[in-house]
Every structure is written in structure tokens, then in C-alpha cells.
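Student: Got a predicted structure here, sequence first:
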Amino acid sequence: MPKRTGIADLPLHTGTVPRWLADRMMSLGALIVESVIENYGKREVLVRLSDPLWFQSFGAVLGMDWHSSGITTSVMYALKRGLHSREKDLGIFVCGGRGKYSRETPTELLDLAYRTGLDGDSLVRSSKLCAKVDNTAVQDGFQLYQHNFIVTDEGDWAVVQQGMNVGVKAARRYHWCSSNLRSFVEEPHTAVVGENCGEILNLTSAKALDTRNSILEFSHENPDRVLREISQIVKPSRSIIVPAQYDLFNSASDRIIVETGRNCTMPAHHDVRAENVDLKRLGGVLAAAYESNPKNFESLLLTPGLGPRTLQSLTLVSEVINGTPSRFSDPARFSFAHGGKDGHPFPVPCRIYDESIRVLSDSIEKAKLGCRDKMDCLKRLYETQTIIENNCFPLADFDKTIAHERKHSKEWGGRIVGM
């Protein structure tokens, strides 16, 4: 059976991201990417973006709806805006987008190649092949409407693209990463994320080699003969036995969706519930923010106005920056950093969000000057959280945590769509 590299249910949500949130997503998203580059390098950004669970957690920590298809479009738009003015310094570029902007990807890549000396023709070919594979070679009922090609100035790239199936009101996100790509036509994905709608035609399966060869052979046949065969096949009054070399659907194993162990199933309900969150991990976050030894974070605590609630957000931001893949199995937990635009699990606390942006920005700027105290403090927030989690077995009281957030929502500048 083909290996599944990632699947999640992504319910379709209508509406737009309000400007007050979009601008904050742009700022914090770019800062998180810059922090990953500062700590782990440009290639690691591509690895993270090609991980469906990390991507979902990333969107949640930015204040988007934690489980909707809108995370894909809003996060990639935020990154394109946020990185555009600094792409030369950071060495990472986001091309493409949604709808008509996806079709501008080749032009953007050729322009980028002209400015950087990269092989533009090769990048354009890779971009087109990724789209063709997911729209044609994998026929799963989802038509692509978004294509983002992320590339570094060293020529490494990742793709995040999404298709829609209006009939089932769901979206499917596809992830690619050049570092692990061995073939465009055989098991190329790092992840395919979306609602499982049953069996599909998957010509990228390793077991579909004979089928791909049959198609290639079929394409070399005389067109007149092909038309005669088709005319016979479509006649319902006759029982036609199609030669094996032309039977494109002769094995059920060739029609099974790509599969993986990094599954990310997004439920239909909009609100965040206790069963969507690892309460032990959330307990570690809250303990690190509200109960740990202040001396561990002296550099951060000297920031004027910074309190436990901002540390809570920064702890989750730090986990997105420094966490290992196993940390992102419950993306809903990351919505406890900055809430959600529709009020789930609570309204976006804009004052806390702005503090997170300010502290992270300041830590990056000081790190560039050789003073890594604040950057190291942010990393210790994550490390302290995991130590507490592993040794103290804290369990967050989900209902009390939500009640606390909503009680202080006005104080923290809480906002939702329409406000």
C-alpha cells in the first residue's frame, strides 16, 4: 500500500480575515520564520512548511481558525506579505497564491531567477509539475485553487497548495519539499492533507508503475485505433474485455489515497474542546508562564509590561520555533496563544498579540547584534514547559482556562470578526 504522508479534515469556511488580524499575522508569521532561520537555517523553514501538523499549529498560533481550510490561504498570504520586503536579507521567497495569483507563479519565479541567478526554468518546471501531479496524477475530486512555491536563494524549495471539493464541502492541502524529492511521479509528497473521501486514482503510487507505463504506451498508439477501442468500450450493449495493458484501473491498490503516520484530523465542530487538546502539554505551558522561577527568564521579564499572560503566548510561539515534530499532534493547543478570529477558543487578545510581536522582534534584533539573552530566554520557555510536563504531570483545567481567558478578554483587547 502507498505510504500516506499526512491527512487532515479541513472544513471549508467562508469569510475573510479582518485587517486588524491580517496585519498581526503578517508581522508575527514573518518573525517566526526569521527566528527559525536565525536558529536553524533556511532549509529548516522549508521542512517546517512541508509538515502538515506544524503548518496547522503555525496557523493556530497566528490566531486563525484552528481547523478550517482558511488557515492555508491566510497563512501563506501573511508570509508572502511579511517576507516580501526582507526576502533579500533572509534569502527566502514566497511566490504564487490563490486563484489568479497562482497562475502568476512562473512569471514570479523567472523574475526571481533574473535577480538571484537561480535556474528559473528548472524552478518553473518544478512548480508546474507539482501542480499537475496533484491536479491530474492524483485524481481525488479536489481541484487546485491555490499554489505557493517557497524557494531559498540556494535553490531549495517547498510547495504548499490546496484543492477544493465543493460537493463534500472540504479542502485538501498538499505539501512538497525538494530536500526529500526523488521523483515527481512516484511518492513525491511530504504530505497530503484533507478529508478522506474514499478511494481515489493515485498514479503517484509506487504500485502504479505498470499503470503509468501503460498510459505511456497507450499515448504512442495510432489515434484511429484508440478511437475505435473507445467507441467499443462505451457501447453498453456489448461486453468488452479491455486488454490488460490498457486497463488503467485494473488494481484497487492503485486507487488508494497516499497515507502517512502524521495524520491531522480536523473535526467539523468549530469550537475548541478539551478532547482536541493535550491537557498535559497545555498544563506545561500554563505552569511555565504562571508558576516557574522568574530567574529563568530575567531578560524577558525586564521587558516593561510583560506579564504571565504574554509569557503564555510566547511559550507557544517558542514551541512553534523550537519544537520537534512530535510536539504538533494537537494543533488546537496552539490557539491558546492568541485565540481565534471567530472567538474559539476565545477572542484574539490584541494587546497580548502585540506584546508577543514586540518581544520576538526585539529578541531577533538583539541576537543579530550578538546579544542572544532574550532569544535564549525564549528557547528556555519551551524547555521549561517540557521539563514541567515530563516531571510534574500537570493537567490543565480546560473549562477554567477558557473561563479565565474570556473573563479578561476585554482587558487584553479581545476582538473577533465584526469588531
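Tutor: Cool, the structure landed. Residues are numbered from 1 along each chain as shown.

Student: Determine whether the claim that D65 is in a helix is correct.
Tutor: No: the assignment for D65 (DSSP: H, G, I helix; E, B strand; the rest coil) gives coil, which keeps it out of a helix.

Student: And for it, nearest residue in space, chain neighbours not counted?
Tutor: In space, and not counting its chain neighbours, D65 is closest to G340: 5.4 Å by Cβ to Cβ, 6 or more residues apart in numbering. Glycine gets a C-beta too; all of them are placed from N, C-alpha and C.

Student: For my notes, confirm the one you found occurs in a helix.
Tutor: No: looking at G340 with three-state DSSP, it is coil, so not inside a helix.

Student: Next up, the contacts around it.
Tutor: With contacts taken as Cβ atoms under 8 Å, 6 or more residues apart in numbering, G340 has the following neighbours: A60, G63, M64, D65, W66, V272, F346, P347, V348.

Student: which residues touch the fifth one?
Tutor: In this case it means W66. For W66, the set of contacting residues under the criterion of Cβ under 8 Å, 6+ apart consists of Q56, G59, A60, V272, N276, P331, A332, F334, S335, G340, H344.

Student: Which of these fall within helices?
Tutor: The helices in this structure, assigned by DSSP state H, contain Q56, G59, A60, S335 from the contacts of W66.

Student: Which residue in the residues you listed has the weakest pLDDT?
Tutor: Of all those, the one the model is least sure of by pLDDT is Q56, with 92.

Student: residues near the residue nearest to that one when sequence neighbours are not counted, how many?
Tutor: Leaving aside its chain neighbours, Q56 sits nearest to P331 (3.9 Å; criterion: Cβ to Cβ, 6+ apart). Taking other Cβ atoms under 10 Å as the criterion, the count of residues near P331 is 25.

Student: Quick check, pLDDT for P331.
Tutor: According to the model's per-residue confidence, P331 sits at a pLDDT of 91.

Student: does the nearest residue to A78 once chain neighbours are set aside sit in a helix or strand, and which one?
Tutor: The shortest distance from A78 to any residue that is not its chain neighbour, by Cβ to Cβ, 6+ apart, is 4.0 Å, and that residue is M25. M25 is part of helix 19-40, with elements assigned from DSSP states H and E.

Student: Quick check: what element follows that helix along the chain?
Tutor: Next along the chain after helix 19-40, taking DSSP H and E as the criterion, comes helix 42-49.

Student: Need the CA coordinates for that next one. CSV is fine.
Tutor: Coordinates of the C-alpha atoms in helix 42-49 are reproduced here as CSV (Å, rounded to 0.1, in the frame of the first residue of the first chain):
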residue,chain,number,x,y,z
LYS,A,42,16.7,28.5,5.8
ARG,A,43,16.2,24.8,4.8
GLU,A,44,14.5,24.2,8.1
VAL,A,45,11.8,26.7,7.2
LEU,A,46,11.0,24.6,4.1
VAL,A,47,11.0,21.4,6.2
ARG,A,48,8.6,23.0,8.7
LEU,A,49,6.2,24.3,5.9
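
Student: Provide the secondary structure category for D111.
Tutor: Of the three states, D111 takes helix according to three-state DSSP.

Student: Quick check, pLDDT for it.
Tutor: Per-residue confidence for D111 comes out at a pLDDT of 97.

Student: again with D354
Tutor: At D354, the predicted lDDT confidence score is 96.

Student: for V185, same thing?
Tutor: 44.

Student: Can you list the low-confidence ranges for the stretch 1-150 of the chain?
Tutor: For the stretch 1-150 of the chain, applying pLDDT under 70 flags the ranges 1-9, 11-14, 137-140.

Student: Using the record's assignment, carve the chain into domains.
Tutor: According to the domain assignment given by automatic domain parsing, the chain is divided into the following structural domains: 10-203, 211-246, 274-415.

Student: my guess is the residue nearest to A78 meets V17, correct?
Tutor: Yes: taking contacts as Cβ atoms under 8 Å, M25 lies within contact range of V17: 7.2 Å.

Student: tell me, what's touching those two both at once?
Tutor: M64, S74.

Student: out of those two, which sits in the more crowded spot?
Tutor: Under the criterion of other Cβ under 10 Å, the comparison of M25 against V17 puts M25 first, with 25 against 22.

Student: give me every residue that touches that one.
Tutor: Shown here is M25, whose contacts under the criterion Cβ under 8 Å, 6+ apart are V17, L62, G63, M64, S74, V75, A78.

Student: so which of those residues comes closest to R173?
Tutor: V75 (10.5 Å; Cβ to Cβ).

Student: Doesn't that closest one belong to a strand?
Tutor: No: the assignment for V75 by three-state DSSP gives helix, which leaves it out of any strand.

Student: Tell me which helix or strand K366 sits in.
Tutor: Here K366 is assigned to helix 350-368, by DSSP H and E.
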